[in-house]
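Q: structure here, sequence nowhere to be found:
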């Protein structure tokens, strides 16, 4: 081979290797957002990840939910106090039958989709039945199972016509429920129950995949969706309550690294951000970050089918021996609230009294732990505790908590507990198989009502891996579920929680908080107790 | 040569088939499926989802259907995680970004790596050599998860020369390309230096020098060309690593690349995404090696490829 050829060959080698990927070297228009003056009313947020779906029927995650709440509007939109308010959403008014089973919604007139079509009750009927249609395969179909025959239709055991939702004219929607559900109105604000434009969906099954084909009815419209890069919403000039919407634009970047997010926030490229884990406590202490309670409970669950946790005193002892304050101050450091019961505070916005204040605390003090353990061992006829293993899913945070609690059990109970971790889906499999002694779990509210926590623990409940069940408890849950009377419901749920906390199949550890930083000139962001956030009324000062 | 190329192409396809089959089997062997979730779904919903994605059929049927879809339609199927985009969409949207990042970092690695290596060898045991090798050792030993935040802190936050993160303009690509290319640059520099030193000690270099050839000619024509061969050998795997190994850098700089889906799909048990990205990346790796093999033969005619010394 000639000399010149050798160099040519080297060049070719480099170019060939490089060319494997040259296909894409073109792309990339500038998205470098410059700092905007306040009068521009642009809110810059970080979604962290690409929203997996902006179709209300198939969305299941909080990123998609945050965007959906701004671009779509359901029958109800929760107000600034997280309460159901007549006229705050698509429905202008509604009536509920005396038995609490039949809801008749009257829709506002003159509402428009972003493509100019009128928003009608038929869109709601279509959207809800689409969620339930087995062919749609919607993960969250169960959010509609409160409706008569909804579950049956989803399981292929009833027809679409049998489902208890019907548009009797363009502006009237009749809904029949299976049982009285006082929080049903609140659920109509949830994204799975948001409407879709029948004509648009039927014409293009991928309508929700791109901004150009996306049609919505909320305060904002989707004007740009560069996948994995940016979502841009702009004020919807056709929105019925447009005068209350002050922002012209919301941008969502997708930076999934907490340190980078923090740098961008410091650089004024984001208006709201979550602080990095290591800095959380420092930033909260300095007042730069805020921690607000949300409806979530982080707990350890005992497998009551396996010794020694088949004994309630042993379970109580393990729960009592955890020093929650110390754990929060030294380990989790996110301003969490120590949990001594199941239902978090502020869980009952529509019920008058606060559930947590009514029922008080249950978990005993660390000083009582040893006596409880002895009592338990005696009942089991044991002298010493058999080997105990705590299982958690792989994560730095869970690991630190587990290690701290392991030390507390050693100190306050004098027992050695072994730690074991598993990858998330393997972990869920293990829990479902009941193959553990103690394991971590947590629950975030599906809706703002104590029931979302209480019915978790019914005998053989879908998510209840503890093996625990109690007839009296089940009866109380059933009683609460079959009445629309808030007082009767509240009493039944209060009693149920007492039973659960006496039996203690779980050791509640802390109530979750949402920690965030927000620029001082950003006002009017509404943060609901269930952890969701609304920007429709936000503005830049 | 043609026969060799055909042979290698056949091997390439067989290798890909083995990759697909093994991935398919392993993927289904790990506990947990795509619909295992913290909030357990009702049984009817799970059945609907399985029917929707064809997971209700026996595994061999799923396997055959999958192969058919790839071969006939070049369709990697839907993503279980995203309800609106397919695996093909993800590859088309995100790979170009990973590729641009990979190519830029490969160029950085080559240009700076070769330069450092050559300088270090020519100024053997001088301050210049030590400096170059300190840079190389740092490049090898500082992982990009550490290097990236350092680069951001110095060049974006303090000096404000580059944006902190995100993607769009050329300025956005500089720091991530450096963060990604640093390790390969160091590998190339060290390799180049030691090869150069070895070649410089060969008899024929001494002969060339004694013939009165200028240092430039000796180094340029006789040394570098011979020393660079081993570097070419590692270019294939290196290029593949840079194209595929962008996960951490993409995460830190918020770059819309494909890397995160390659990694994340496994914990999501997003079967089509696991298979699609694995096949795609395997194809790149295999092709890169194949191209390098051919290039290698072209550069050094003593290395015979294929049948009887063409």
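A: That came through fine. The structure presented is a predicted model; accordingly, all values stated were derived computationally and were not measured. Numbering: from 1, shown residues only, chains lettered A, B, ... in the order given.
Q: what is the burial count for residue A:118?
A: Neighbour count for residue A:118, taken as other Cβ atoms under 10 Å in any protein chain shown: 16. Where you see a C-beta, it was placed from the backbone N, CA and C, and this is true even at glycine.
Q: now it, what are its backbone angles?
A: phi -70, psi 150 (degrees, to the nearest 10).
Q: what's the burial count for residue A:541?
A: Neighbour number of residue A:541 under other Cβ under 10 Å is 9.
Q: so how far is residue A:42 from the residue nearest to it when sequence neighbours are not counted?
A: Among residues not flanking residue A:541 along the chain, residue A:521 sits closest, at 4.4 Å (Cβ to Cβ, 6 or more residues apart in numbering or on different chains). Taking Cβ to Cβ, to the nearest Å as the measure, residue A:521 falls 12 Å from residue A:42.
Q: compare the two and say which is more crowded by neighbours.
A: residue A:42 (19 against 10).
Q: contacts for stretch A:419-434, please.
A: Residues outside stretch A:419-434 that contact it (Cβ atoms under 8 Å, 6 or more residues apart in numbering or on different chains) are A:303, A:305-306, A:389-394, A:398-399, A:402-403, A:406, A:436, A:439, A:441, A:465, A:467, B:30-33, B:36-38, B:40, B:267, B:269.
Q: from the residues you listed, keep the buried residues only.
A: A:303, A:306, A:390-393, A:398, A:402, A:406, A:436, A:439, A:441, A:465, A:467, B:31-33, B:36-37, B:40, B:269 (16 or more other Cβ atoms under 10 Å in any protein chain shown).
Q: how far away is residue B:109 from residue A:276?
A: Residue B:109 is 30 Å from residue A:276, by Cβ to Cβ.
Q: neighbour-wise, which of the two wins?
A: residue B:109 (27 against 15).
Q: OK, contacts around that one?
A: Each residue near residue B:109 by Cβ under 8 Å, 6+ apart is listed here: B:181-182, B:184-185, B:187-188, B:238, B:242.
Q: any regions of the stretch 201-350 of chain A where pLDDT drops low?
A: Applying pLDDT under 70 to the stretch 201-350 of chain A flags residues A:350.
Q: switch the cut-off to 80
A: Applying pLDDT under 80 to the stretch 201-350 of chain A picks out residues A:349-350.
Q: interface residues of it facing chain B?
A: Counting by Cβ under 8 Å from any Cβ of the partner chain, the stretch 201-350 of chain A comes close to chain B at A:206, A:208-209, A:226-229, A:253-257, A:259-260, A:263-264, A:266-267, A:269.
Q: among those residues, which are in strands?
A: A:226, A:253 (DSSP state E).
Q: now the buried members of the residues of the stretch 201-350 of chain A next to chain B.
A: With burial judged by 16+ other Cβ under 10 Å, the buried subset of these is A:208-209, A:226-229, A:253-257, A:259-260, A:263-264, A:269.
Q: hmm, stretch B:248-258 touching chain A?
A: Yes - Stretch B:248-258 is in contact with chain A by Cβ under 8 Å from any Cβ, via B:251-254, B:256-257.
Q: returning to what we had before: taking the contacts of stretch A:419-434 one by one, which sit in strands?
A: Counting by DSSP E, these contribute A:389-393, A:439, A:441 to strands.
Q: and of the residues you listed, the nearest to residue A:449?
A: Nearest to residue A:449 among those, counting by Cβ to Cβ, is residue A:441 at 20.1 Å.
Q: what residues does stretch A:317-328 touch?
A: A:300, A:302, A:309, A:334-340, A:363-366, A:368-370, A:372-373, A:376, A:401, A:404-405, A:408-409, A:412-413, A:438, A:504, A:506-510.
Q: nearest residue to residue B:277 in space, please, no chain neighbours.
A: Closest to residue B:277 by Cβ to Cβ, 6+ apart is residue B:262, at 4.3 Å.
Q: ok so that neighbour is a strand residue?
A: No - Residue B:262: not assigned to a strand; according to DSSP: H, G, I helix; E, B strand; the rest coil it is helix.
Q: is it true that it touches residue B:281?
A: Yes - Residue B:262 sits in contact with residue B:281 when judged by Cβ atoms under 8 Å, with a separation of 6.4 Å.
Q: surely residue A:420 is in a strand?
A: Yes - membership of residue A:420 in a strand is supported by three-state DSSP.
Q: next, count neighbours for it.
A: Residue A:420, neighbours per other Cβ under 10 Å, totals 14.
Q: beta partners of it?
A: residue A:391 (DSSP bridges).
Q: could you check the pLDDT of it?
A: You'll see residue A:420 listed with a pLDDT of 97.
Q: now it: how far from residue A:433?
A: 15 Å.
Q: again with residue A:382
A: 26 Å.
Q: who's more crowded, these two?
A: residue A:382 (14 against 10).
Q: tell me the contacts of the closest residue to the more buried one other than its chain neighbours?
A: Nearest non-adjacent residue to residue A:382, counting by Cβ to Cβ, 6+ apart: residue A:308, 7.0 Å away. By Cβ under 8 Å, 6+ apart, residue A:308 lies in contact with A:314, A:376-377, A:380, A:382, A:385-386, A:388.
Q: list phi and psi for the closest residue to residue A:442 other than its chain neighbours.
A: Excluding the flanking residues, the one nearest residue A:442 by Cβ to Cβ, 6+ apart is residue A:298, at 4.5 Å. Backbone torsions of residue A:298, given as degrees, to the nearest 10, read phi -100, psi 120.
Q: surely residue A:298 touches residue A:510?
A: Yes - the criterion here is Cβ under 8 Å, and residue A:298 meets it with residue A:510 at 5.2 Å.
Q: which neighbours do the two share?
A: With Cβ under 8 Å, 6+ apart as the test, residue A:298 and residue A:510 both reach A:336, A:339.
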